[in-house]
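Fold the stuff below for me.
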Amino acid sequence: MAWLLVVVAGLLETGFAVCLKLSHGFSRLWPTVAFCVFALGSFGLLTLSLKKLDVGPAYAVWTGIGAAGTAIYGMIFLDDLVSILKIVSISLVIIGVIGLQLSGSAH
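Modelled structure (predicted):
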């Protein structure tokens, strides 16, 4: 269950990163509000998961999901540059996240 919280928190991290861009420096109301909701949810779930998980692997998985998710979202919806190197690098992040989840860091 703790790992599920980390995964959801990582997805929410993707949401807050995208909303941060869409807020244009917090000058647009609704993307700013969405950023706050996603950020609070993400940090809250990560905090709950850390009651059962080691901080290193949990934080790495959280940031990995957030980074990969944000990069993928940007390429699909925000016209970010798509390259083979970027896709391979994102794949490596995802493989690392899976490896950390399988490492069994729960107490």
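
Restricting to C-alpha, output the helix or strand harbouring residue 90 in CSV.
Using DSSP states H and E, residue 90 sits in helix 84-101. Only the C-alpha atoms of helix 84-101 are listed here, as CSV (Å, rounded to 0.1, in the frame of the first residue of the first chain):
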residue,chain,number,x,y,z
ILE,A,84,15.5,9.2,-29.4
LEU,A,85,18.0,10.2,-26.7
LYS,A,86,15.2,11.7,-24.6
ILE,A,87,12.9,8.6,-25.1
VAL,A,88,15.8,6.3,-24.1
SER,A,89,16.6,8.4,-21.1
ILE,A,90,13.0,8.4,-19.9
SER,A,91,12.9,4.7,-20.4
LEU,A,92,16.0,4.3,-18.2
VAL,A,93,14.3,6.4,-15.5
ILE,A,94,11.2,4.2,-15.6
ILE,A,95,13.4,1.0,-15.4
GLY,A,96,15.1,2.5,-12.4
VAL,A,97,11.8,3.3,-10.7
ILE,A,98,10.6,-0.3,-11.3
GLY,A,99,13.9,-1.6,-9.9
LEU,A,100,13.5,0.6,-6.8
GLN,A,101,10.0,-0.6,-6.2
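
Tell me what angle the lengthiest helix in the chain forms with helix 84-101.
In the chain, with assignment by DSSP state H, the single longest helix is helix 55-77. Taking axes from the mean of the first three to the mean of the last three Cα atoms, to 10 degrees, helix 55-77 and helix 84-101 form an angle of 150 degrees between their directions.

Report all helices and strands that the helix holding residue 90 contacts.
Helix 84-101 sits against helix 2-22, helix 55-77, with contacts defined as 3 or more Cβ pairs under 8 Å, 6 or more residues apart in numbering; DSSP states H and E. Quick note: C-beta positions are derived from backbone N, CA and C, even for glycine.

Residue 28 is nearest to which of those helices?
helix 2-22 (6.8 Å; Cβ to Cβ).
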